[in-house]
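Visitor: Pasted the sequence and its predicted model underneath.
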Amino acid sequence: MAPKRNEQETEGLGKKGFVDIEEILEGNHTGREVKVRGWIHRTRDIGNMVFLNVRDPSGVVQATIAKDGFKEEKFEKIKDLLVESSLKVKGEVAEDERAPGGYEIRASDAEIVHASEDFPIHKDQSIEHLLDNRHLWIRSTEMRDILNVRSTVFGAIHDYFRCEGYKEFQSPILTPLACEGGATLFPVDYFDEDVYLTQSWQLYAEAGIFGLGDIYTIAPSFRAEKSRTPRHLTEYWHAEVEGLWHDLDDIIELGEGLVLNIAEEVLKKNEEELERLDADVEYLRSLDEPFPIITYDEAIYRLQDENMDVKYGDDFGVPEEKKLTSLFDKPVFVTHYPKEIKAFYMKRAEEDESKVLGYDLMVPHVGELIGGSVRETKVESMIKRLEDEGEDPSIYEWFLDTRRYGSVPHAGYGLGIERVIMWLCDLDHIRDAIPFPRTPNRCRP
């Protein structure tokens, strides 16, 4: 049973009489005395007055510290505070069009919580310096806006799948086998066995659906790809879904619905953040169903018409995906890829066994957002594909058991969450879509 909260706690645990800065910027406390607490974002000293831009996780407001309102020793200490010093401020809120956000706190008291050392991040510093100091750069307005969007995206994914009746299901991070190809596995020393960091929950999910039914997860995945592109991470967050009795149309509809729900929630909760990030808000607002659907063959023809150097059997890279998405005003599904460029577990199309019943959903600026397929149900077909790819089928015996004992049609997909955030926020690089990025040349801080 949840503990009862008394009336003084109804404004939120930990607030204890303090207000969020965003409430001041919304005009909710004009003319009233308030208390705020946070960190110095900027400071300006004009002798008998100090202007402090104070930030908390909700926003930034100007606080004016007048010399004649404070004891001299206290005023001097406040005046000497450096950026990122933490403090509490009490005072009356007043409208002032010259102040950031149009409001200021005319301070009657202030308490220094911690006087910061010289903050190592200043204007016009290199990307590498900001990455080296990511633990501090994460405090910036830009990163705060991105991470607010990120939080909404995670919530929207959970809400969508749960509202559709899917149950959350977890799978191991340590796994003895590959899901997306052995070349991109991270090996882990696991006592006397060789195991790897997971590339996907999928193989375990295909076992889980026979007991739980339709399921989903949000979890980290790991790919040891040495791709140094603006859209690749070695550790990323993966939203995945697996459904019983699902066919290709079902998971196309399920993918489209998820993307539209995410965009709708972010617009509802984070429009201000999107605007500060110069994201294309009008494009996101214009999204609706249905998204166009083309086959791989059609995609090849369209790219060749655009003078792209691509031929049948090629997998699409960044240039091809960007060109393809530029031909549509919405995200586009590409279906029925050649089996040779897709995973062993994808079911072949009955009308053309050289193709698989799978798709990639591509979006502008980013490219592939979702990869999904109907799953193969024939044991012998999967064994042959594994052997053709140089894999040892015996390692997959437990997975093949899911086809030996009451197999049924099923399908699913995986969505890269950082790519969604990159797309929504119009980010130039995927490393900014995650708090602490992991890439082939970076595993710190």
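Guide: Sure, I can see it.

Visitor: Let me see the mean pLDDT of the top helix by length along the chain.
Guide: Secondary structure of the chain read by DSSP state H shows that its longest helix is helix 248-276. In this model, helix 248-276 carries a mean pLDDT of 98.

Visitor: on contacts alone, who are the packing partners of that helix?
Guide: helix 141-163, strand 235-244, helix 281-286, strand 332-335, strand 358-363, strand 367-374, strand 410-416, helix 417-425 (3 or more Cβ pairs under 8 Å, 6 or more residues apart in numbering; DSSP states H and E). C-betas here are computed from N, CA, C, even on glycine.

Visitor: was I right about residue 130 contacting residue 121?
Guide: Yes. Look at residue 130 against residue 121 with Cβ atoms under 8 Å: they come within range, at 7.0 Å.

Visitor: Looking at the two now, which is surrounded by more residues?
Guide: Per other Cβ atoms under 10 Å, whichever of residue 130 and residue 121 has more neighbours is residue 130, with 17 against 14.

Visitor: and that one, that's in a helix?
Guide: Yes. Counting by DSSP: H, G, I helix; E, B strand; the rest coil, residue 130 is located in a helix.

Visitor: ok, now how distant is it from residue 59?
Guide: 22 Å (Cβ to Cβ, to the nearest Å).

Visitor: Residue 333 now?
Guide: From residue 333 to residue 59 the distance is 39 Å (Cβ to Cβ).

Visitor: got it, and residue 385?
Guide: 54 Å.

Visitor: Kindly report the same for residue 124.
Guide: As for residue 124, its distance to residue 59 is 24 Å (criterion: Cβ to Cβ).

Visitor: Enumerate every residue touching the residue nearest to residue 418 when sequence neighbours are not counted.
Guide: Spatially, and ignoring its direct neighbours in sequence, residue 418 is nearest to residue 433 (4.0 Å; Cβ to Cβ, 6 or more residues apart in numbering). Each residue near residue 433 by Cβ atoms under 8 Å, 6 or more residues apart in numbering is listed here: 146, 150, 417, 418, 419, 421, 422, 425, 427.

Visitor: let's see 6 Å
Guide: 418, 421, 422, 427 (Cβ atoms under 6 Å, 6 or more residues apart in numbering).

Visitor: okay, residue 182: pLDDT?
Guide: At residue 182, the model reports a pLDDT of 69.

Visitor: repeat for residue 389
Guide: Model confidence at residue 389, given as pLDDT, is 86.

Visitor: now do the one 3 residues further on
Guide: pLDDT, residue 392: 90.

Visitor: Span of stretch 120-133 from start to end?
Guide: In stretch 120-133, first residue to last residue: 8 Å (Cα to Cα, to the nearest Å).

Visitor: Pull out the buried positions in it.
Guide: Neighbour counts over stretch 120-133 (16 or more other Cβ atoms under 10 Å) mark 130, 131, 132 as buried.

Visitor: partners of residue 333 in the sheet?
Guide: Beta-bridge partners recorded for residue 333 (DSSP bridges): residue 293, residue 361.

Visitor: list the contacts for it?
Guide: Residues in contact with residue 333, defined by Cβ under 6 Å, 6+ apart, are 252, 291, 293, 359, 361.

Visitor: looking at those, which has the most residues close by?
Guide: With neighbours taken as other Cβ under 10 Å, the top of the contacts of residue 333 is residue 359, carrying 26 neighbours.

Visitor: I'd say that one and residue 336 touch.
Guide: No. If you go by Cβ atoms under 6 Å, residue 359 and residue 336 don't touch, sitting 8.0 Å apart.

Visitor: residues in contact with the helix or strand that residue 300 is a member of?
Guide: Using DSSP states H and E, the element containing residue 300 is helix 296-305. Helix 296-305 is contacted from outside by 310, 312, 320, 324, 334, 336, 337, using Cβ under 6 Å, 6+ apart.
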